[in-house]
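> With the input below, show me the fold.
(one chain, ligands or ions: 1)
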Amino acid sequence: MKQKPMMYVVGVGCGDPKLLTNEAISIMAKADFFVSKDDYQKTFATYIAGRPVLFDPFMQLARYQKARHPELTDAEAGKKADAVYADNIQMLRKALKEGKVVALLEPGDPALYGGWRNWLSEYIPKEQLTVIAGMSSFSVANAVLGEYDLTRKPIIIAEPEELKANEPLIQAAAQNGSVIVVFMGLNRMKSLVPLLGRYFPPDTPLIIVYYAGIAGKERRIQTSLSKAKEVADAEKENFLGLIYIGRDLKDLEKPSR
Ligand SMILES: C[S@@+](CC[C@H](N)C(=O)[O-])C[C@H]1O[C@@H](n2cnc3c(N)ncnc32)[C@H](O)[C@@H]1O
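Numbers count the residues shown, from 1 in each chain. Just a heads-up that it's a prediction; the model follows:
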């Protein structure tokens, strides 16, 4: 049977091949081409199995061009990134025109803060784009909370800018005991902690789950809002972590694993 051209945005789990779904594996098995960031090309090499990787989407960003070519000025890096981006889109369109299947490997669940939305969707016709669910860091980090029952109250998933723009949401969470789970917050603790502190008392329990699902690295740190910045500053990692805050998180004592 002839395969329809398709761009699959494949959720590959939050950083460890054991979190791949059967569906992700079967899409990768039928892909003609891959689009993947550099480290995923190594992590998922077995599944890519020597087929061509068209590009790493991070190289469409000026700061990555600058890191690879430090001799460029900021303006030159920006120009280079724009040119790479235009070429990449051309490459994708050509592949789809030729009836190919392209698998873009995306972290976690592509529906939750998927970077692909910033650069891909507007260029690919809707009928040629399929999103494949993946195991989010959120699901995996929830498991790291062990027996704690997160669903006793509403759970709010947000990133710092959304919280900043919606303070009544924080206030309501602080009043009714909801848990807020913050994505992409580790490198913004300086503004995030005072923002949460406007509504949550300083001793409110706060948990950071680092490297959820990543074998040998996963870690859960239990602290309080007032100590959270100090705790996060003492860690090297400032990206791969989820922050949980809620007054009832104090039930949690020992790490589950
Ligand atoms: C651009 S978002 C992508 C989220 C992804 N789509 C998901 O569902 O996990 C990146 C943020 O997700 C969180 N994250 C991703 N992988 C993680 C992991 N293995 N452990 C903890 N947090 C992670 C961090 O907050 C990170 O800053």
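> What residues does the stretch 101-250 of the chain have near the ligand?
By Cβ under 6 Å from any ligand atom, the residues of the stretch 101-250 of the chain that approach the ligand are 107-109, 112-115, 136-138, 141, 183-184, 209, 211-214, 239-242. (C-beta placed from N, C-alpha, C; glycine too.)
> Please list the members of the residues you listed that lie in strands.
209, 241-242 (DSSP state E).
> Run through the bridge partners of the residue in the stretch 1-150 of the chain positioned nearest to the ligand.
Residue of the stretch 1-150 of the chain nearest the ligand, by Cβ to the nearest ligand atom: G108 (2.1 Å). Taking DSSP bridges as the rule, G108 bridges to G13.
> Quick check: phi and psi at the residue lying closest to A174 once chain neighbours are set aside.
Spatial nearest neighbour of A174, chain neighbours left out: Y199 (4.0 Å); criterion: Cβ to Cβ, 6 or more residues apart in numbering. Dihedral pair for Y199: phi -120, psi -30, per degrees, to the nearest 10.
> Y199: what's it in contact with?
Taking Cβ atoms under 8 Å, 6 or more residues apart in numbering, we find Y199 in contact with 167, 170-171, 173-175.
> now do I221
By Cβ under 8 Å, 6+ apart, the contact list for I221 reads 207-208, 210, 231, 235.
> I207 too?
Residues near I207 by Cβ under 8 Å, 6+ apart: 145, 220-223, 243-245, 249, 252.
> Wasn't it part of a helix?
No. According to DSSP: H, G, I helix; E, B strand; the rest coil, I207 belongs to no helix; its state is strand.
> Out of the ones in strands among the residues of the stretch 101-250 of the chain next to the ligand, the closest to I156 would be?
Checking those against I156 by Cβ to Cβ gives L242 as the nearest, at 12.6 Å.
> Please verify my assumption that C14 contacts S137.
Yes. Here C14 lies in contact with S137, judged by Cβ atoms under 8 Å, at a distance of 3.9 Å.
> which residue packs closest to K4, ignoring adjacent ones?
Distance criterion Cβ to Cβ, 6+ apart; nearest residue to K4, sequence neighbours excluded, is G99 at 7.5 Å.
> Which residues does the lengthiest helix in the chain contact?
The helix that spans the most residues within the chain, counting by DSSP state H, is helix 74-97. Outside helix 74-97, the residues that touch it by Cβ under 8 Å, 6+ apart are 5-7, 32-33, 35, 54-55, 57, 59-66, 69, 72, 102, 119, 123-124, 128.
> If we use 6 Å, what do you get?
Helix 74-97 is contacted by residues 5, 33, 54-55, 59-62, 65-66, 102, 123, 128 when judged by Cβ atoms under 6 Å, 6 or more residues apart in numbering.
> Tell me the predicted confidence for the residue minimising distance to the centre of the chain.
What sits nearest the mean C-alpha location of the chain, by Cα atoms, centre = their mean, is P107, with 5.3 Å. P107 carries a pLDDT value of 96.
> Alright, I will stop here.
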